[in-house]
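Trainee: Attaching a predicted model along with its sequence, questions to come.
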Amino acid sequence: MSVELSNVELGRRLRIARERAGITQAQAADAVAVARTTLIAIEGGKRRARLDEIRRLARNYGESVNGLLIGDSAHIDLLPRFRKVGLGGREKAEAAEMLMDLVKAEVDLERVLGVVRSFSYPTERPIMAGDVRAQAAADAAELRQRLGLGLLPVRDMVTLLEIDLGVRVYIRPVDSSVAGLFAYDDSVGACMLLNAIHSRERRAQTAAHELGHLVSCRQTPAITYDGMTQSREERYADAFGRAFLMPTRTVTHRFADFTKGTTVLTRRHVILMAHCFGVSREVLVRRLEELQLVRRGAWDWFKANGGITDKQARTVLEDLVSDDVDQLGTRGPGTLRLNLLAAEAHRQALMSEGQLARLLRLDRVALRDVLDIADVEGDADGIPKLSR
Amino acid sequence: MEYRSCLDDVAVPIIADASVVINLIASQFANTILRQLGGPLLVVREVQLELEEGRNTGRKDAQELSLLVNNGQVEIVELGERSAEHFLELVSGMAKDTLDDGEAATIAYALESNATVLIDDRKAIRLCLTRFPHLTICNTVDLLGHVDVWASLGASAPDAVFNALRIGRMRVPEQYLDWVVNEIGSDRAALCSSLPARYRGG
């Protein structure tokens, strides 16, 4: 069935592809031998691009004609929005491109497979005048209440985001200076990229921080990275994350439990409490400082005196040190869910090998590897069918 | 085990998609195989460009294809006016009804020039059978198992199949699985992740 795209939609897609390739209008016009005004007219939907022009532009942008012309494909315009909030540094731009590619691939595969994704985002709470940390704590408490968490620690932040809220979460390795990204688009919903090379605890903190962005200012994308400026929005997200993962009352009660009969904060206390809240040792101690349960400078003291090591944590926690299941599938390309969707689309012959390779930005042999790994059963006869 | 390649009775021109070119190069016997075809194997520009993109990830297919072009065993072809119409028809529409550029251009060129298409992708084959039932479609196994190719490869013929499977992760159509595994042997089949688990002793 042929679906003719409108001139406006085709122009929009060509513009997004050009911007994704980092090519100016003048460069693109030169490369395909048209006047810049013609290219502007094409991108603005005022003139329909001819097939030969689409083919030349696609080649220039490293896209396929098919990718540009598929009727039910998502062409999400996230990069310019990320640029507005600052993409200085190649590593941040690459992370933003990665998030955009992952979202597009997942949405396209969901559409072709007829997968309907449900979501239940929290009510938006714009940042008001006054104490931003107090508002963040109140908003975090409200959301915890809505999710039925009460005062319990959050054991699995990623699952909570994906299952309870319907946020698209991708865990992929990016430059170590980048902790995570958040973006929201009406057509695809809320999405986050968390750095796979960071520890599970740090990813949970980043995820809770990005959740703060979803609550307070979802239309503005955000990048969390080392050395970022502490704008009001970022301070809100930081405070929200802390309050969401470590509510005041729970921390206070746990602290009283763990430190009964002692007058000092030991490494053992920190290790046990950090494990209980699923956060890093540093973040836990900083939260204790913030709540004035220990004196300011406690973390600095530990740091100056050999720190609190993973080896010490393993000694204290023994078997309680859990496997990082979210790391599954992060060493290869894509994500576990994305690769399973791709294998299913291929198994049902809904997407060709060329289309999948293009969508996942893999060469054919790398794609074949992904499909083979995802489809370990092959086409076994009599394999159990799902009851739906 | 009886096996007969659908290419045995086909005259040139023959045009191959990227899925087949990759397997052909992975076989390590591309020169010997192509010498038996009676003319150059055609490859559309779109496929060549797709393989060129693989250079970024360290793939050698574009380089190997260039060598085959230079010695006249492969000819790169461009879409004409009529084939461009077929191309447009195959790349636009809903995702499930369309193909990527290389696959679409290969089929479009074959339609215009009455060429036999070599393509392994199941979706591409399904679309061709529905929309262009008169088109002759074969695959990599047909190319490797072509009576003249098989004879010229001699004792190396099973090695070529194994290499295509092991290096290129060649997909094998269901009806050829028994023949392929019989030729390469079950020990080597166990090493080929692109074969179904039941053929790998899994």
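Mentor: Done, it's in.
Trainee: How is the spatially closest residue to A:Ala357 that is not a sequence neighbour assigned, secondary-structure-wise?
Mentor: By the measure of C-beta to C-beta, 6 or more residues apart in numbering or on different chains, the closest residue to A:Ala357 outside its immediate chain neighbours is A:Leu367, 4.5 Å from it. (Each C-beta comes from the backbone N, C-alpha and C, glycine too.) Under DSSP: H, G, I helix; E, B strand; the rest coil, A:Leu367 falls in the helix class.
Trainee: Over to B:Val117?
Mentor: Criterion first, three-state DSSP; result for B:Val117: strand.
Trainee: How many neighbouring residues does it have?
Mentor: 25 (other C-beta atoms under 10 Å in any protein chain shown).
Trainee: pretty sure B:Ala105 is touching B:Glu50, no?
Mentor: No - judged on C-beta atoms under 8 Å, B:Ala105 makes no contact with B:Glu50 at a distance of 9.8 Å.
Trainee: quick one, what contacts the residue nearest to A:Ala357?
Mentor: A:Ala342, A:Glu353, A:Leu356, A:Ala357, A:Leu360 (C-beta atoms under 8 Å, 6 or more residues apart in numbering or on different chains).
Trainee: Look up how far B:Met94 lies from the fourth one.
Mentor: This means A:Ala357. 19 Å (C-beta to C-beta, to the nearest Å).
Trainee: Pick out whichever of these two has more residues nearby.
Mentor: Comparing A:Ala357 with B:Met94 by other C-beta under 10 Å, the one with more neighbours is A:Ala357, at 27 against 16.
Trainee: Could you export stretch B:49-63 as CSV, CA atoms only?
Mentor: Taking C-alpha atoms only, stretch B:49-63 is exported to CSV below (Å, rounded to 0.1, in the frame of the first residue of the first chain):
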residue,chain,number,x,y,z
LEU,B,49,27.1,2.5,-1.3
GLU,B,50,25.6,0.5,1.5
LEU,B,51,28.7,-1.7,1.6
GLU,B,52,30.9,1.5,1.5
GLU,B,53,29.2,2.6,4.8
GLY,B,54,30.5,-0.6,6.4
ARG,B,55,34.1,0.7,6.0
ASN,B,56,33.4,2.9,9.1
THR,B,57,32.9,-0.3,11.2
GLY,B,58,35.9,-2.1,9.7
ARG,B,59,34.0,-4.2,7.2
LYS,B,60,36.1,-5.2,4.2
ASP,B,61,33.1,-6.0,1.8
ALA,B,62,33.4,-2.6,-0.1
GLN,B,63,37.1,-3.2,-0.7
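Trainee: Please see if the longest helix seen in chain B touches chain A.
Mentor: The longest helix of chain B (DSSP state H) is helix B:101-113. Yes - Helix B:101-113 reaches chain A (C-beta under 8 Å from any C-beta of the partner chain) through B:Asp101, B:Gly102, B:Glu103, B:Ala104.
Trainee: I'd like the distance from that helix to the chain centre, please.
Mentor: 13 Å (C-alpha atoms, centre = their mean, to the nearest Å).
Trainee: Just the buried residues of it, please?
Mentor: For helix B:101-113, a neighbour-count test (16 or more other C-beta atoms under 10 Å in any protein chain shown) marks B:Asp101, B:Gly102, B:Glu103, B:Ala104, B:Ala105, B:Thr106, B:Ile107, B:Ala108, B:Tyr109, B:Ala110, B:Leu111, B:Glu112 as buried.
Trainee: got it, and stretch B:71-80?
Mentor: In stretch B:71-80, counting by 16+ other C-beta under 10 Å, buried: B:Gln73, B:Val74, B:Ile76, B:Val77, B:Leu79.
Trainee: Narrow the residues you listed to those in helices?
Mentor: Using DSSP H, none of these sit in helices.
Trainee: With respect to chain A, which of those residues is nearest?
Mentor: Nearest to chain A among the buried residues of stretch B:71-80 is B:Leu79, at 8.8 Å by C-beta to the nearest C-beta.
Trainee: Please list the outside residues in contact with stretch B:123-139.
Mentor: A:346, A:349-352, A:355, B:5-7, B:10, B:14, B:17, B:20, B:90, B:97, B:99, B:103, B:107, B:110-111, B:116-120, B:173.
Trainee: do the same with stretch A:154-174
Mentor: For stretch A:154-174, using C-beta under 8 Å, 6+ apart, the contacting residues are A:91, A:94-95, A:98-99, A:102-103, A:106, A:117-122, A:147, A:188-197, A:203-204, A:207-208, A:211, A:214, A:244-245, A:277-278, A:326-327, A:330, A:335.
Trainee: Then stretch A:176-183?
Mentor: Counting by C-beta under 8 Å, 6+ apart, A:78, A:81-82, A:89, A:91-92, A:95-96, A:99, A:103, A:190-195, A:197-198, A:202-203, A:206-207, A:209-210, A:213-214, A:221-227 sit against stretch A:176-183.
Trainee: Show me what counts as buried in that stretch.
Mentor: For stretch A:176-183, using 16+ other C-beta under 10 Å, the buried residues are A:Val178, A:Ala179, A:Gly180, A:Leu181, A:Phe182, A:Ala183.
Trainee: repeat for stretch A:133-142
Mentor: A:Arg133, A:Gln135, A:Ala136, A:Ala137, A:Asp139, A:Ala140, A:Ala141.
Trainee: Quickly find the element holding the fifth one.
Mentor: Element membership for A:Asp139, per DSSP states H and E: helix A:132-146.
Trainee: For that helix, enumerate the helices and strands it packs against.
Mentor: Other elements packing on helix A:132-146 under the criterion 3 or more C-beta pairs under 8 Å, 6 or more residues apart in numbering or on different chains; DSSP states H and E are helix A:200-216, helix A:232-245.
Trainee: measure stretch A:42-52 end to end?
Mentor: 13 Å (C-alpha to C-alpha, to the nearest Å).
Trainee: near chain B at all, it?
Mentor: Yes - counting by C-beta under 8 Å from any C-beta, chain B is contacted by stretch A:42-52 at A:Leu51, A:Asp52.
Trainee: I'd like to know the average pLDDT value across that stretch.
Mentor: The pLDDT scores in stretch A:42-52 average 94.
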